[in-house]
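dropping the sequence and predicted coords here.
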There are 2 protein chains.
Amino acid sequence: MQELKERILSEGRNLGRGILKVDSFLNHQIDPALMVRLGDELARRLRDTRPTKVLTAETSGIAPALATAAALNVPLVFARKSPPLTMDYTIVREQCKSRTHDKMVELMVSTEYLRPGDRVLIIDDFLATAQTINALARLVVKVNAIVVGIGTVIEKEFERGRANARELNVPIESLAVIASMDDGKIIFK
Amino acid sequence: MQELKERILSEGRNLGRGILKVDSFLNHQIDPALMVRLGDELARRLRDTRPTKVLTAETSGIAPALATAAALNVPLVFARKSPPLTMDYTIVREQCKSRTHDKMVELMVSTEYLRPGDRVLIIDDFLATAQTINALARLVVKVNAIVVGIGTVIEKEFERGRANARELNVPIESLAVIASMDDGKIIFK
(Lines give C-alpha, C1' and ligand atoms only; values in the text may rest on other atoms or scores of the structure.)
Protein backbone atom coordinates (compact mmCIF):
# COMPACT_ATOMS: atom_id res chain seq x y z
CA MET A 1 0.00 0.00 0.00
CA GLN A 2 1.85 3.01 -1.36
CA GLU A 3 0.43 5.62 1.03
CA LEU A 4 1.53 3.56 4.03
CA LYS A 5 5.02 2.99 2.66
CA GLU A 6 5.41 6.72 2.13
CA ARG A 7 4.36 7.45 5.70
CA ILE A 8 6.81 4.86 7.01
CA LEU A 9 9.65 6.37 4.97
CA SER A 10 8.84 9.97 5.91
CA GLU A 11 7.93 9.49 9.60
CA GLY A 12 9.22 6.06 10.67
CA ARG A 13 12.48 5.77 12.57
CA ASN A 14 14.78 2.79 12.55
CA LEU A 15 15.90 2.54 16.18
CA GLY A 16 18.19 -0.42 15.51
CA ARG A 17 17.87 -4.10 16.47
CA GLY A 18 14.80 -4.33 14.22
CA ILE A 19 12.77 -1.78 16.17
CA LEU A 20 10.70 0.49 13.92
CA LYS A 21 9.15 3.52 15.54
CA VAL A 22 5.93 4.61 13.85
CA ASP A 23 4.49 6.36 16.89
CA SER A 24 3.43 9.42 14.89
CA PHE A 25 0.59 7.64 13.08
CA LEU A 26 0.19 4.06 14.35
CA ASN A 27 1.42 3.21 17.86
CA HIS A 28 0.99 6.26 20.08
CA GLN A 29 -0.50 9.00 17.94
CA ILE A 30 -3.00 7.68 15.42
CA ASP A 31 -4.04 9.25 12.14
CA PRO A 32 -7.74 8.28 12.04
CA ALA A 33 -8.26 8.89 8.33
CA LEU A 34 -5.24 6.74 7.46
CA MET A 35 -6.46 4.09 9.90
CA VAL A 36 -9.83 3.90 8.13
CA ARG A 37 -8.06 3.39 4.79
CA LEU A 38 -5.79 0.69 6.28
CA GLY A 39 -8.85 -1.11 7.65
CA ASP A 40 -10.65 -0.83 4.32
CA GLU A 41 -7.67 -2.32 2.51
CA LEU A 42 -7.20 -5.20 4.98
CA ALA A 43 -10.94 -5.91 4.69
CA ARG A 44 -10.77 -5.85 0.90
CA ARG A 45 -7.89 -8.32 0.82
CA LEU A 46 -9.33 -10.70 3.43
CA ARG A 47 -13.09 -10.49 2.90
CA ASP A 48 -13.08 -13.81 1.02
CA THR A 49 -12.07 -15.61 4.22
CA ARG A 50 -15.66 -14.90 5.41
CA PRO A 51 -14.78 -14.00 9.01
CA THR A 52 -17.47 -13.78 11.67
CA LYS A 53 -15.15 -12.01 14.12
CA VAL A 54 -11.95 -9.99 14.22
CA LEU A 55 -9.49 -10.74 17.04
CA THR A 56 -6.54 -8.63 18.17
CA ALA A 57 -4.44 -8.02 21.29
CA GLU A 58 -4.39 -4.83 23.30
CA THR A 59 -3.05 -2.16 22.83
CA SER A 60 -1.65 -1.26 19.44
CA GLY A 61 -3.73 -3.81 17.56
CA ILE A 62 -7.03 -2.21 18.54
CA ALA A 63 -7.07 0.69 16.08
CA PRO A 64 -6.32 -1.26 12.87
CA ALA A 65 -8.52 -4.14 14.06
CA LEU A 66 -11.44 -1.79 14.74
CA ALA A 67 -11.08 -0.19 11.31
CA THR A 68 -10.99 -3.63 9.67
CA ALA A 69 -13.95 -4.93 11.69
CA ALA A 70 -15.95 -1.81 10.78
CA ALA A 71 -15.25 -2.37 7.08
CA LEU A 72 -16.23 -6.06 7.37
CA ASN A 73 -19.20 -5.32 9.63
CA VAL A 74 -18.30 -8.01 12.18
CA PRO A 75 -17.58 -7.68 15.92
CA LEU A 76 -14.07 -7.08 17.21
CA VAL A 77 -12.70 -8.88 20.28
CA PHE A 78 -9.47 -7.71 21.85
CA ALA A 79 -7.46 -10.04 24.07
CA ARG A 80 -6.58 -8.45 27.40
CA LYS A 81 -3.19 -8.57 29.09
CA SER A 82 -4.55 -7.97 32.58
CA PRO A 83 -8.06 -8.89 33.68
CA PRO A 84 -10.40 -5.98 34.49
CA LEU A 85 -12.86 -6.28 37.39
CA THR A 86 -15.59 -7.13 34.88
CA MET A 87 -13.80 -10.32 33.77
CA ASP A 88 -15.75 -12.54 36.13
CA TYR A 89 -16.32 -15.33 33.67
CA THR A 90 -14.55 -18.20 32.03
CA ILE A 91 -11.47 -17.07 30.20
CA VAL A 92 -8.86 -18.80 28.11
CA ARG A 93 -5.22 -17.72 28.45
CA GLU A 94 -2.01 -18.04 26.46
CA GLN A 95 1.45 -16.64 27.04
CA CYS A 96 3.72 -15.04 24.49
CA LYS A 97 6.72 -12.75 24.34
CA SER A 98 5.91 -9.17 23.36
CA ARG A 99 8.33 -7.80 20.78
CA THR A 100 7.21 -4.25 21.63
CA HIS A 101 7.85 -4.50 25.37
CA ASP A 102 10.47 -7.30 25.30
CA LYS A 103 8.80 -9.30 28.06
CA MET A 104 6.41 -12.21 28.52
CA VAL A 105 2.75 -11.24 28.52
CA GLU A 106 -0.41 -13.21 29.05
CA LEU A 107 -3.30 -12.82 26.63
CA MET A 108 -6.81 -13.64 27.82
CA VAL A 109 -10.16 -13.78 26.09
CA SER A 110 -13.60 -14.52 27.43
CA THR A 111 -15.36 -17.57 26.09
CA GLU A 112 -18.49 -15.44 26.07
CA TYR A 113 -17.27 -13.59 22.99
CA LEU A 114 -14.93 -16.00 21.23
CA ARG A 115 -17.33 -18.84 20.45
CA PRO A 116 -17.12 -22.37 19.04
CA GLY A 117 -17.45 -22.19 15.27
CA ASP A 118 -16.43 -18.53 15.00
CA ARG A 119 -14.41 -17.82 11.86
CA VAL A 120 -11.70 -15.58 13.25
CA LEU A 121 -9.60 -13.04 11.37
CA ILE A 122 -6.53 -12.05 13.42
CA ILE A 123 -5.45 -8.43 12.92
CA ASP A 124 -2.41 -6.75 14.47
CA ASP A 125 -0.25 -3.70 13.89
CA PHE A 126 2.98 -5.66 13.30
CA LEU A 127 3.91 -9.06 11.98
CA ALA A 128 7.38 -9.55 13.48
CA THR A 129 8.17 -12.93 15.05
CA ALA A 130 4.44 -13.87 15.07
CA GLN A 131 4.57 -14.81 18.75
CA THR A 132 1.52 -12.68 19.55
CA ILE A 133 -0.35 -13.89 16.48
CA ASN A 134 0.40 -17.53 17.26
CA ALA A 135 -0.76 -17.03 20.86
CA LEU A 136 -4.01 -15.48 19.58
CA ALA A 137 -4.40 -18.45 17.23
CA ARG A 138 -3.97 -20.86 20.16
CA LEU A 139 -6.76 -19.01 21.99
CA VAL A 140 -8.99 -19.48 18.94
CA VAL A 141 -8.24 -23.20 18.81
CA LYS A 142 -8.87 -23.55 22.56
CA VAL A 143 -12.47 -22.40 22.19
CA ASN A 144 -13.07 -24.58 19.10
CA ALA A 145 -13.20 -21.66 16.73
CA ILE A 146 -11.28 -21.44 13.44
CA VAL A 147 -8.55 -19.03 12.32
CA VAL A 148 -9.38 -18.04 8.73
CA GLY A 149 -6.83 -15.32 8.05
CA ILE A 150 -4.19 -12.94 9.36
CA GLY A 151 -3.82 -9.27 8.50
CA THR A 152 -1.18 -6.84 9.71
CA VAL A 153 -0.26 -3.28 8.91
CA ILE A 154 3.54 -3.68 8.80
CA GLU A 155 5.47 -6.90 8.33
CA LYS A 156 9.15 -7.19 9.23
CA GLU A 157 9.94 -10.05 6.89
CA PHE A 158 13.43 -10.55 8.34
CA GLU A 159 11.94 -11.53 11.73
CA ARG A 160 10.34 -14.55 10.04
CA GLY A 161 6.81 -14.13 11.36
CA ARG A 162 5.26 -15.36 8.11
CA ALA A 163 7.28 -18.56 8.32
CA ASN A 164 6.47 -18.93 12.02
CA ALA A 165 2.73 -18.63 11.32
CA ARG A 166 2.87 -21.03 8.36
CA GLU A 167 1.37 -23.94 10.27
CA LEU A 168 -1.91 -22.05 10.55
CA ASN A 169 -2.23 -22.52 6.80
CA VAL A 170 -4.32 -19.37 6.24
CA PRO A 171 -3.93 -16.29 4.03
CA ILE A 172 -1.58 -13.67 5.52
CA GLU A 173 -1.81 -10.08 4.28
CA SER A 174 0.46 -7.21 5.30
CA LEU A 175 0.04 -3.70 3.90
CA ALA A 176 3.76 -2.89 3.96
CA VAL A 177 6.48 -5.54 3.97
CA ILE A 178 9.93 -4.50 5.14
CA ALA A 179 12.72 -6.72 3.83
CA SER A 180 15.60 -5.18 5.75
CA MET A 181 16.40 -2.63 8.43
CA ASP A 182 20.18 -3.03 8.33
CA ASP A 183 22.50 -0.02 8.58
CA GLY A 184 19.72 2.31 9.75
CA LYS A 185 17.81 1.90 6.48
CA ILE A 186 14.21 0.85 5.83
CA ILE A 187 14.05 -1.31 2.69
CA PHE A 188 10.67 -2.56 1.43
CA LYS A 189 10.31 -5.90 -0.25
CA MET B 1 -28.43 8.48 23.32
CA GLN B 2 -31.32 6.09 23.15
CA GLU B 3 -29.60 3.30 21.20
CA LEU B 4 -26.80 3.16 23.77
CA LYS B 5 -29.17 3.10 26.72
CA GLU B 6 -31.06 0.20 25.15
CA ARG B 7 -27.82 -1.75 24.67
CA ILE B 8 -26.83 -1.10 28.28
CA LEU B 9 -30.22 -2.30 29.53
CA SER B 10 -30.30 -5.39 27.32
CA GLU B 11 -26.64 -6.47 27.56
CA GLY B 12 -25.09 -4.64 30.54
CA ARG B 13 -24.65 -6.41 33.84
CA ASN B 14 -24.61 -4.77 37.23
CA LEU B 15 -21.87 -6.68 39.08
CA GLY B 16 -22.38 -4.74 42.30
CA ARG B 17 -20.18 -2.11 43.98
CA GLY B 18 -20.80 0.20 41.01
CA ILE B 19 -19.18 -2.12 38.49
CA LEU B 20 -21.02 -2.18 35.15
CA LYS B 21 -20.04 -4.90 32.73
CA VAL B 22 -20.56 -3.88 29.09
CA ASP B 23 -17.98 -6.26 27.67
CA SER B 24 -20.29 -7.42 24.89
CA PHE B 25 -20.10 -4.15 22.94
CA LEU B 26 -17.64 -1.73 24.57
CA ASN B 27 -14.86 -3.14 26.77
CA HIS B 28 -13.83 -6.53 25.43
CA GLN B 29 -15.95 -7.24 22.40
CA ILE B 30 -16.66 -4.11 20.36
CA ASP B 31 -19.58 -3.46 18.02
CA PRO B 32 -17.83 -1.39 15.33
CA ALA B 33 -21.00 0.08 13.80
CA LEU B 34 -22.23 1.23 17.21
CA MET B 35 -18.77 2.62 17.97
CA VAL B 36 -18.85 4.74 14.81
CA ARG B 37 -22.23 6.16 15.85
CA LEU B 38 -20.98 6.87 19.39
CA GLY B 39 -17.98 8.70 17.95
CA ASP B 40 -20.17 10.68 15.56
CA GLU B 41 -22.43 11.75 18.44
CA LEU B 42 -19.54 12.74 20.73
CA ALA B 43 -18.04 14.71 17.84
CA ARG B 44 -21.36 16.44 17.15
CA ARG B 45 -21.77 17.49 20.77
CA LEU B 46 -18.17 18.66 21.23
CA ARG B 47 -17.16 20.02 17.83
CA ASP B 48 -17.65 23.60 19.01
CA THR B 49 -14.73 23.19 21.42
CA ARG B 50 -12.51 23.25 18.28
CA PRO B 51 -10.11 20.49 19.37
CA THR B 52 -6.82 19.95 17.54
CA LYS B 53 -6.28 16.58 19.18
CA VAL B 54 -8.16 13.80 20.96
CA LEU B 55 -6.49 12.23 24.01
CA THR B 56 -7.42 8.99 25.74
CA ALA B 57 -5.81 6.29 27.90
CA GLU B 58 -5.19 2.72 26.86
CA THR B 59 -7.01 0.33 26.60
CA SER B 60 -10.77 0.75 26.65
CA GLY B 61 -10.68 4.42 25.70
CA ILE B 62 -9.06 3.77 22.34
CA ALA B 63 -12.11 2.60 20.37
CA PRO B 64 -14.50 5.48 21.27
CA ALA B 65 -11.63 7.98 21.04
CA LEU B 66 -10.66 6.73 17.57
CA ALA B 67 -14.27 6.96 16.38
CA THR B 68 -14.55 10.51 17.76
CA ALA B 69 -11.21 11.58 16.29
CA ALA B 70 -12.22 10.15 12.90
CA ALA B 71 -15.47 12.15 12.99
CA LEU B 72 -13.60 15.34 13.97
CA ASN B 73 -10.72 14.65 11.55
CA VAL B 74 -8.01 15.31 14.16
CA PRO B 75 -5.22 13.01 15.42
CA LEU B 76 -5.73 10.73 18.40
CA VAL B 77 -3.05 10.25 21.07
CA PHE B 78 -3.41 7.47 23.60
CA ALA B 79 -1.54 7.61 26.89
CA ARG B 80 0.40 4.43 27.59
CA LYS B 81 0.52 2.58 30.88
CA SER B 82 3.84 0.87 30.19
CA PRO B 83 6.50 2.27 27.87
CA PRO B 84 7.16 0.30 24.66
CA LEU B 85 10.71 -0.01 23.33
CA THR B 86 9.96 2.79 20.87
CA MET B 87 9.37 5.32 23.67
CA ASP B 88 12.93 6.63 23.59
CA TYR B 89 11.98 10.27 23.93
CA THR B 90 10.84 12.80 26.47
CA ILE B 91 7.66 11.72 28.15
CA VAL B 92 5.41 13.24 30.77
CA ARG B 93 3.86 10.97 33.41
CA GLU B 94 0.98 11.11 35.87
CA GLN B 95 -0.39 8.52 38.27
CA CYS B 96 -4.01 7.69 38.91
CA LYS B 97 -6.10 4.90 40.31
CA SER B 98 -7.80 2.73 37.71
CA ARG B 99 -11.43 2.02 38.55
CA THR B 100 -11.43 -0.89 36.09
CA HIS B 101 -8.44 -2.68 37.55
CA ASP B 102 -8.62 -1.27 41.12
CA LYS B 103 -4.92 -0.39 41.23
CA MET B 104 -2.60 2.55 40.69
CA VAL B 105 -1.45 3.00 37.11
CA GLU B 106 0.93 5.40 35.47
CA LEU B 107 -0.10 7.24 32.30
CA MET B 108 2.60 8.49 29.96
CA VAL B 109 2.53 10.57 26.82
CA SER B 110 5.31 11.69 24.52
CA THR B 111 5.89 15.40 24.20
CA GLU B 112 6.42 14.73 20.51
CA TYR B 113 2.67 14.30 20.01
CA LEU B 114 1.04 16.31 22.78
CA ARG B 115 2.29 19.78 21.93
CA PRO B 116 2.19 23.25 23.50
CA GLY B 117 -0.94 25.02 22.33
CA ASP B 118 -2.82 21.85 21.40
CA ARG B 119 -6.55 22.11 22.11
CA VAL B 120 -7.21 18.70 23.64
CA LEU B 121 -10.50 16.85 23.81
CA ILE B 122 -10.32 14.03 26.39
CA ILE B 123 -12.40 10.97 25.48
CA ASP B 124 -12.85 7.84 27.57
CA ASP B 125 -15.24 4.92 27.84
CA PHE B 126 -16.39 5.70 31.40
CA LEU B 127 -16.75 8.78 33.54
CA ALA B 128 -16.70 7.28 37.05
CA THR B 129 -14.53 9.00 39.67
CA ALA B 130 -12.72 11.02 36.95
CA GLN B 131 -9.32 9.97 38.28
CA THR B 132 -8.12 8.88 34.84
CA ILE B 133 -9.57 11.97 33.18
CA ASN B 134 -7.98 14.29 35.72
CA ALA B 135 -4.62 12.54 35.27
CA LEU B 136 -4.93 13.00 31.49
CA ALA B 137 -5.77 16.66 32.08
CA ARG B 138 -2.64 17.08 34.22
CA LEU B 139 -0.58 15.63 31.35
CA VAL B 140 -2.13 18.22 29.03
CA VAL B 141 -1.28 21.05 31.42
CA LYS B 142 2.28 19.75 31.84
CA VAL B 143 3.03 20.21 28.15
CA ASN B 144 1.38 23.66 28.03
CA ALA B 145 -1.58 22.47 26.01
CA ILE B 146 -5.23 23.22 26.85
CA VAL B 147 -8.10 20.89 27.77
CA VAL B 148 -11.15 22.09 25.83
CA GLY B 149 -13.68 19.35 26.57
CA ILE B 150 -14.43 15.91 27.95
CA GLY B 151 -16.54 13.22 26.32
CA THR B 152 -17.38 9.78 27.65
CA VAL B 153 -19.63 6.97 26.57
CA ILE B 154 -21.11 6.06 29.97
CA GLU B 155 -21.22 8.26 33.07
CA LYS B 156 -21.82 6.80 36.52
CA GLU B 157 -23.17 9.98 38.07
CA PHE B 158 -23.17 8.51 41.58
CA GLU B 159 -19.36 8.18 41.51
CA ARG B 160 -19.13 11.98 41.23
CA GLY B 161 -16.74 12.20 38.30
CA ARG B 162 -18.47 15.27 36.88
CA ALA B 163 -18.03 17.09 40.18
CA ASN B 164 -14.42 15.88 40.45
CA ALA B 165 -13.62 17.24 36.97
CA ARG B 166 -15.39 20.55 37.62
CA GLU B 167 -12.18 22.51 38.15
CA LEU B 168 -11.25 21.95 34.50
CA ASN B 169 -14.17 24.23 33.66
CA VAL B 170 -14.85 22.66 30.25
CA PRO B 171 -17.94 21.09 28.63
CA ILE B 172 -18.50 17.47 29.70
CA GLU B 173 -20.66 15.22 27.53
CA SER B 174 -21.68 11.63 28.29
CA LEU B 175 -23.86 9.60 25.97
CA ALA B 176 -25.60 7.67 28.75
CA VAL B 177 -25.79 8.90 32.34
CA ILE B 178 -26.52 6.32 35.03
CA ALA B 179 -28.02 7.82 38.18
CA SER B 180 -28.07 4.69 40.30
CA MET B 181 -26.96 1.06 40.33
CA ASP B 182 -28.42 0.15 43.71
CA ASP B 183 -30.15 -3.20 44.29
CA GLY B 184 -28.81 -4.71 41.05
CA LYS B 185 -30.70 -2.16 38.94
CA ILE B 186 -29.45 0.22 36.24
CA ILE B 187 -31.34 3.53 36.46
CA PHE B 188 -30.65 6.27 33.93
CA LYS B 189 -30.80 9.92 34.87
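Structure received.

any stretches of chain A with poor pLDDT?
Applying pLDDT under 70 to chain A flags residues A:88-89.

quick check: longest helix in it by residues?
helix A:32-46 (DSSP state H).

how far off helix B:32-46 does the next helix or strand after that one point, in degrees?
Later in the chain than helix A:32-46, the nearest helix or strand by DSSP states H and E is strand A:53-57. Put simply, strand A:53-57 runs at 70 degrees to helix B:32-46, going by axes from the mean of the first three to the mean of the last three CA atoms, to 10 degrees.

contacting residues around strand A:53-57?
Here strand A:53-57 makes contact (CB atoms under 8 Å, 6 or more residues apart in numbering or on different chains) with A:62, A:64-65, A:68-69, A:72, A:74-79, A:81, A:107, A:109, A:113-114, A:118-124, A:132, A:135-136, A:139-140, A:145. Yep, even glycine has a C-beta here, placed from its N, CA and C like the rest.

mind listing what's buried in stretch A:37-56?
A:37-39, A:41-43, A:45-46, A:49, A:51-56 (16 or more other CB atoms under 10 Å in any protein chain shown).

nearest the middle, which residue of chain A would you pick?
A:Asp124 (1.0 Å; CA atoms, centre = their mean).

phi, psi of that one?
phi -150, psi 170 (degrees, to the nearest 10).

same question for A:Ser60.
A:Ser60 adopts backbone torsions of phi -70, psi -20, taken as degrees, to the nearest 10.

out of everything not next to it in sequence, what's closest to it?
A:Asp125 (4.4 Å; CB to CB, 6 or more residues apart in numbering or on different chains).

let me know the secondary structure of the one you found.
Three-state call for A:Asp125 (DSSP: H, G, I helix; E, B strand; the rest coil): strand.

ranges for the strands of chain A?
A:13-14, A:20-21, A:29-30, A:53-57, A:76-79, A:91-98, A:103-110, A:119-127, A:146-156, A:172-180, A:187-188 (DSSP state E).

how about the ones you listed, which one is nearest B:Gln95?
strand A:103-110 (21.1 Å; CB to CB).

pull out the buried positions in the closest one.
Applying 16+ other CB under 10 Å to strand A:103-110 flags A:Val105, A:Leu107, A:Met108, A:Val109, A:Ser110 as buried.

next, the angle strand A:91-98 makes with that strand.
Using the same axes, to 10 degrees: strand A:103-110 against strand A:91-98 is 160 degrees.

and the gap between the residue lying farthest from the centre of chain A and chain B?
In chain A, counting by CA atoms, centre = their mean, A:Asp183 sits farthest out from the average C-alpha position, at 26.5 Å. Separation of A:Asp183 from chain B (CB to the nearest CB, to the nearest Å) stands at 19 Å.

cool, A:Met108 as well?
Counting by CB to the nearest CB, the gap from A:Met108 to chain B is 10 Å.

beta partners for that residue?
Taking DSSP bridges as the rule, A:Met108 bridges to A:Arg80, A:Arg93.

just A:Thr152 next, same as before
Applying DSSP bridges, one finds that A:Thr152 bridges with A:Asp124, A:Ser174.

what about it, distance to A:Gln95?
Look at A:Thr152 and A:Gln95: by CB to CB, to the nearest Å, they are 20 Å apart.

cool, A:Ala165 as well?
In terms of CB to CB, A:Ala165 sits 17 Å off from A:Gln95.

okay, those two: which has more neighbours?
A direct count of neighbours by other CB atoms under 10 Å in any protein chain shown for A:Ala165 and A:Gln95 places A:Ala165 higher, at 21 against 11.

what sits against that one?
A:Ala165 touches A:Leu127, A:Ala130, A:Ile133, A:Asn134, A:Ala137, A:Ile150, A:Ile172, counting by CB under 8 Å, 6+ apart.

let's have the residues you listed in CSV, adding neighbour count.
Below are the contacts of A:Ala165 laid out as CSV (neighbours: other CB atoms under 10 Å in any protein chain shown):
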residue, neighbour count
A:Leu127, 27
A:Ala130, 28
A:Ile133, 28
A:Asn134, 20
A:Ala137, 23
A:Ile150, 28
A:Ile172, 19
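
which residues does stretch A:25-34 contact?
Residues contacting stretch A:25-34 (CB under 8 Å, 6+ apart): A:3-4, A:7, A:11, A:21, A:23, A:60, A:63-64, A:100, A:125, A:153-154, B:66, B:69-70, B:73-78, B:80, B:84, B:86-87, B:109-110, B:112-113.

quick one: buried ones out of the residues you listed?
The buried subset of the contacts of stretch A:25-34 - by 16+ other CB under 10 Å - is A:4, A:7, A:21, A:23, A:60, A:63-64, A:100, A:125, A:153-154, B:66, B:69-70, B:74-78, B:80, B:84, B:86-87, B:109-110, B:113.

one step back: which of the buried residues of stretch A:37-56 sit farthest apart?
A:Arg37 and A:Thr52 (23.8 Å).

give me the neighbour count for the nearest residue to A:Ile8 once chain neighbours are set aside.
Spatial nearest neighbour of A:Ile8, excluding adjacent residues (CB to CB, 6+ apart): A:Ala176 at 5.9 Å. The number of residues packed near A:Ala176 is 24, by other CB under 10 Å.

so who does A:Ala176 touch?
Here A:Ala176 is in contact with A:Met1, A:Leu4, A:Lys5, A:Ile8, A:Val153, A:Ile154, A:Glu155, A:Phe188 (CB under 8 Å, 6+ apart).

and of those residues, the nearest to A:Gly161?
A:Glu155 (6.7 Å).

many thanks, have a good one.
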